[in-house]
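In: the sequence isn't on hand, but the structure is:
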């Protein structure tokens, strides 16, 4: 059975497994204070162009979102996301469990519109009488978004300006950041992300690691006692080395970027196959998630041989499905898919 | 540098790494719905002697404690632990972050006294006027305890009876369960634990895994929509296979028990070395954590060559330190330590 | 200065103050266990036609909403409201502070559409794969709504049927319930509300009391240890008599209904005045809140002599404002307003 | 039936009821922005000797404790109290419901020992490795304490110094503050309290009001958007005038102090009666709560004619009970009690 179900269907890049093997019996201290974490952090600081960056490795995306948001919001504040934001719909209320509301703006192919954000914040803070509301205390975006789309550098710069105007932090969920940075058309670099955000994370789980997200506070602006918040959220790994080794490997010789590039190339290949075969796309995604409109008969037929992800109903006879490529996608599997289409 | 600092200083048992290697590129579905998790669960059900058991793999101990407790308590309830209970002192308030109080009873070498528990619960529920208090809604014990001590089967049976009397669940934190079960003097088996507890977990992080705890609801008594609570707590691993593969390996050919036995043998060896050399023990631990009273000069000298863990001040000139063995402890390292003592 | 700013601008109905005076030095036990509360509860049970009803007096509306919702939801559940629901926008995130998400449906003049609710719940519970979402665990409506509109008995019955179908409770926020029940066109009685809801409250603060809301679980279906949840929320009044005396007075000789009727008559009078003077209404409200579209010049002029409430911008030159009547509105003040228009 | 059960058995001081009557139909804006609140705040600022004080009226004690603590703690912090502290045992876990742990120190007749506090904080902050613990982020004391005892000015000054040393705020629960300030032996004035604490409250519920506590941030050091936190906690009264009128009355012509003094005189009278009759006291309380050791036969006999409060078991044949006086205690009732003893 072929699978384009998601970008976490395989284990880890082989170099990661090799490194885990080679270092396995070295005795290291726990909770992320080991030499592997230190080395990985230093490499990430360099890759970001921010030597003063503070980095914390966490295990998964939802955990990272709730930990960062809980650490940075005051009790009377909520976080602004789009209506399709991962924290708004796919995290079982993790943010609310921490006591904070997710405030939503319209979603434009999962992107937030800077003008709508500015209007919203200006209305909120311009009105002196919002004491009974939840204060927008942070902006959350994902890049790539939940629909695979990307912000331009100009858009990110505009979001930054707006956050500065209202003095609230900009948080970028980079669970698939590698695929965003290696997308053909993007003008956004890792350094841009680090320059423009107050906090973001470099996703490992979906880009070659067994698990792991690297949270970056690029200006060293980590909240006080952040590691205690991490522990409180149940997010502090005893064997922090597991995360350190993985990110150290990913940030050695640009591995993170190289394997992300592979994922993008496979996505381009996949797009071409669907285009050639006359399929329609639900939206134009420049990254590793592709959204195809299938008629329901085709969907039923294909699903006998290929795993893909239900996305949403399109109309009574059509369905939108997601095909995801990744660092691990084999070109021959795309050829096999082509044969099936 | 030798290290007896803790039982999570190394990576994973080699068979786990091998299995990760061998299965690495197999495509599996996410979030714990993969075949490795299924296989591991089935093996654990058999090992527990409870074919109806419901099992959920989680990443770490604090996460497991807060997830299980949040899922099982009502909002007006707290959890009863000893004053030294891990949830009471070493988890940065994770339980309180979920809205629940940790109610404490005296600690007897980290064990809870069943008589004290029964008196406390009888007083609480006997008095009709406790509406302004927090209701004790669960009993939390760890086995081995934070001090390495163990409950007898009679004590666990007594705790079970008391929990039945007051109709509250008994939760056993088994972060180091393997070392408890393989302790020489114990009369408690894994089946006993499964018979006597409402929920417990089999610790992987400290017993051969890179990470991972297997939560067991032995009578299938999992709370409704538990996986949603897991997700809400940021505790649902996308690549659930990482946990499935590890526990599948650990529960193949009794590996979990064999490597735990090794850890215990190493602890016995360590005890003998300290005893022979005339050192005093702070308490008599039958498991893999040993607590030694060092005079401060010796402590300073030793710490140049050996890593161990500060436990508590003993008096002005002595300190209690912890030496931990594990599945990974090398006999030659104990010999080296002997040379240093 | 005239005021139609809201329905809590004055103190309490004079009979309440008289009763507070007369009983002032009687010694009573605390926390709502006094004879006044008992008497008031019995009268409310009779008025609701549910002798088995459980009643709890609380102080204010937001407190009541968060206490009831926290007591009735499981941790993995959220509460469904309209986008204009009071809990969604005007309570500073009180529900989220208790760990629960407010799930929103479209607002139709602040009413929830039963068909939209049923579609939403059917989609949610029909799909087997919602583990990563927040489970809709309760339906929250207000009657009258935040826009003064009312549900018909047929609509409430339909909401009840849908809640039964999906086995989730229906909670009616009756902060202004009296004005709803006395509205001219309504076919909904207090007994209907009690028959059709799992829990609701009879608002006192806006209907003649200094403070106080009477929560009613009409079928005796109060959550276990509800008073402890109340205490935990900081919502248990030491001098519970203050609430008991007020509701006992309000439910003696139909005072609650009589003064609500007065509020409605004043609203009708007010409507007529605005209609006669050629003003436009933003929506057709049959209760004590009236929403008028004023051109901005008129608004500025009027606001020198009359207090009313800004509601929302209508267009660049017009604003929607709210005029509220109440149990305390004096007919002569409406005449004075007429003179000013 | 006589009652010395508590200090909230009656309604309110008659001047409060008179003022409620007289102002009843004046139209005022809501949520504490009315002229009565403004006037009361100004009088309290003067009484405290802190013209820059920020004051917020809340309804009850538990609500006040959880609101103030939630507003002032960071998410990784807990609040330090004694083991008998009201927040530790009598508030149904309200503090934990807000996500914060109550950290406890030994109780000395319900007082916190400054030396023990300093040792605890010095140990905590002196050790660089407390990341897995809950950070003590506030000190909570009550004055009078739960046992009626009082801090001296020297003790409060010492607590202040310690809080300064560790840069954490000192919060004084003054639910019975009036009785403390009017106690015969005290050297602590209201200005001292305001000088020495970061935040405290002046209890109204137990000192002549129907309900209400006045929170004082004496140096204007109110947390940002505190009113939003108040609203979030369900603690913002719509008819704020109810609290404003009461405190305005209490702080006119020293009424608060005069009626507190009456409560103290009644307590002295009560003490004399018990002493004369040869009864033993459980502890020496200088305020309005008196703790008497009764043999169980006497307790049973007395309880037919007098209401008092069970406190704790003393031994198999004796019980400690509490007799409370208040602003409302009638001298003739003490004479009647004398007759019964």
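Out: Arrived safely. Bear in mind that the values here come from a model prediction, so they are computed numbers and not experimental data. Numbering: from 1, shown residues only, chains lettered A, B, ... in the order given.
In: does stretch A:41-58 come close to chain D?
Out: No. Counting by C-beta under 8 Å from any C-beta of the partner chain, chain D is not contacted by stretch A:41-58; separation bottoms out at 12.0 Å. Placement of C-beta: from N, CA and C, glycine included.
In: so residue A:311 sits in a helix?
Out: No. Applying DSSP: H, G, I helix; E, B strand; the rest coil, one finds residue A:311 to be strand, outside a helix.
In: please tell me how far it sits from residue A:322.
Out: 5 Å (C-beta to C-beta, to the nearest Å).
In: when the two are compared, which one has more neighbours?
Out: Counted by other C-beta atoms under 10 Å in any protein chain shown, residue A:311 and residue A:322 do not tie: residue A:322 has more neighbours, with 20 against 17.
In: secondary structure element for the more buried one?
Out: Using DSSP states H and E, residue A:322 sits within strand A:318-324.
In: helices and strands around that strand, which ones?
Out: Other elements packing on strand A:318-324 under the criterion 3 or more C-beta pairs under 8 Å, 6 or more residues apart in numbering or on different chains; DSSP states H and E are strand A:289-295, helix A:296-302, strand A:309-315.
In: between residue A:311 and residue A:322, which contacts overlap?
Out: Residues touching both residue A:311 and residue A:322 (C-beta atoms under 8 Å, 6 or more residues apart in numbering or on different chains) are residue A:291.
In: the residue in the stretch 1-150 of chain A that chain D sits nearest to - nearest residue in space that isn't next to it in sequence?
Out: Of all residues in the stretch 1-150 of chain A, residue A:76 sits closest to chain D, with a separation of 4.2 Å (C-beta to the nearest C-beta). Spatial nearest neighbour of residue A:76, excluding adjacent residues (C-beta to C-beta, 6 or more residues apart in numbering or on different chains): residue D:228 at 4.2 Å.
In: past the helix or strand that contains that neighbour, which element shows up next along the chain?
Out: Residue D:228 belongs to helix D:226-232 when elements are defined using DSSP H and E. Of the helices and strands lying after helix D:226-232 in sequence (DSSP H and E), the nearest is helix D:241-250.
In: that next one vs helix C:241-250, what angle?
Out: Helix D:241-250 and helix C:241-250 are oriented at 120 degrees to each other (axes from the mean of the first three to the mean of the last three C-alpha atoms, to 10 degrees).
In: re the thing from before, could I get the helices and strands packed on strand A:318-324 as TSV with mean pLDDT and distance to chain C?
Out: Formatted as TSV, these follow (pLDDT from 0 to 100; distance: least, C-beta to the nearest C-beta, whole Å):
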stretch	mean pLDDT	distance to chain C
strand A:289-295	97	17
helix A:296-302	96	16
strand A:309-315	94	8
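In: surely residue A:190 touches residue A:48?
Out: Yes. Taking contacts as C-beta atoms under 8 Å, residue A:190 lies within contact range of residue A:48: 5.8 Å.
In: remind me, longest helix of chain A?
Out: In chain A, taking DSSP state H as the definition, the longest helix is helix A:255-276.
In: who does the very next helix or strand once past it pair up with?
Out: Toward the C-terminus, helix A:255-276 is succeeded by strand A:280-281 as the next helix or strand (DSSP H and E). Using DSSP bridges, strand A:280-281 pairs in its sheet with strand A:289-295 (antiparallel).
In: how far is the strand it pairs with from where the chain is centred?
Out: 21 Å (C-alpha atoms, centre = their mean, to the nearest Å).
In: go on, stretch A:64-75?
Out: Taking mean C-alpha positions (C-alpha atoms, centre = their mean), stretch A:64-75 and its chain are 16 Å apart.
In: who are the packing partners of whatever helix or strand residue A:164 lives in?
Out: Element membership of residue A:164 [criterion: DSSP H and E] is helix A:153-166. The helices and strands touching helix A:153-166, judged by 3+ C-beta pairs under 8 Å, 6+ apart, are helix A:114-126, strand A:135-142, strand A:170-173, helix A:190-196.
In: ok so, going back, just the pLDDT for the residue of the stretch 1-150 of chain A closest to chain D.
Out: Residue A:76 is assigned 97 on the pLDDT scale.
In: how close does it sit to residue B:44?
Out: Relative to residue B:44, residue A:76 is positioned 45 Å away (C-beta to C-beta).
In: between those two, who's got more neighbours?
Out: Neighbours per residue, other C-beta under 10 Å: of residue A:76 and residue B:44, the larger number sits with residue A:76, 26 against 23.
In: contact partners for that one?
Out: Counted by C-beta under 8 Å, 6+ apart, residue A:76 has contacts A:134-135, A:137, C:92-93, D:224-225, D:228-229, D:232.
In: rerun that using 6 Å as the cut-off
Out: A:135, D:225, D:228-229 (C-beta atoms under 6 Å, 6 or more residues apart in numbering or on different chains).
In: now do residue A:214
Out: Here residue A:214 is in contact with A:44, A:55, A:57, A:201-202, A:247 (C-beta under 6 Å, 6+ apart).
In: tell me the bridge partners for it.
Out: Bridge pairing for residue A:214 (DSSP bridges) gives the partners residue A:57, residue A:202.
In: what pLDDT does it get?
Out: Looking at residue A:214, its pLDDT stands at 98.
In: how close does it get to chain C?
Out: Distance of residue A:214 to chain C, given as C-beta to the nearest C-beta, to the nearest Å: 23 Å.
In: show me where pLDDT drops low in chain A?
Out: Counting by pLDDT under 70, chain A contains no low-confidence residues.
In: at 80 what do you get?
Out: Where chain A drops to pLDDT under 80, the residues are A:127-129.
In: so what are the domain limits for it?
Out: A:2-7+A:256-340, A:14-254 (automatic domain parsing).
In: which one of these is the most hemmed in?
Out: Burial of those is given as mean neighbour count (mean count of other C-beta atoms under 10 Å in any protein chain shown); domain A:14-254 ranks first at a mean of 22.
In: first-to-last residue distance for that domain?
Out: 15 Å (C-alpha to C-alpha, to the nearest Å).
In: related to what we said a few turns ago, from the chain's centre, how far out does the helix holding residue A:164 sit?
Out: 19 Å.
In: residue A:69 reaches residue A:79, doesn't it?
Out: Yes. If you go by C-beta atoms under 6 Å, residue A:69 and residue A:79 touch, sitting 5.3 Å apart.
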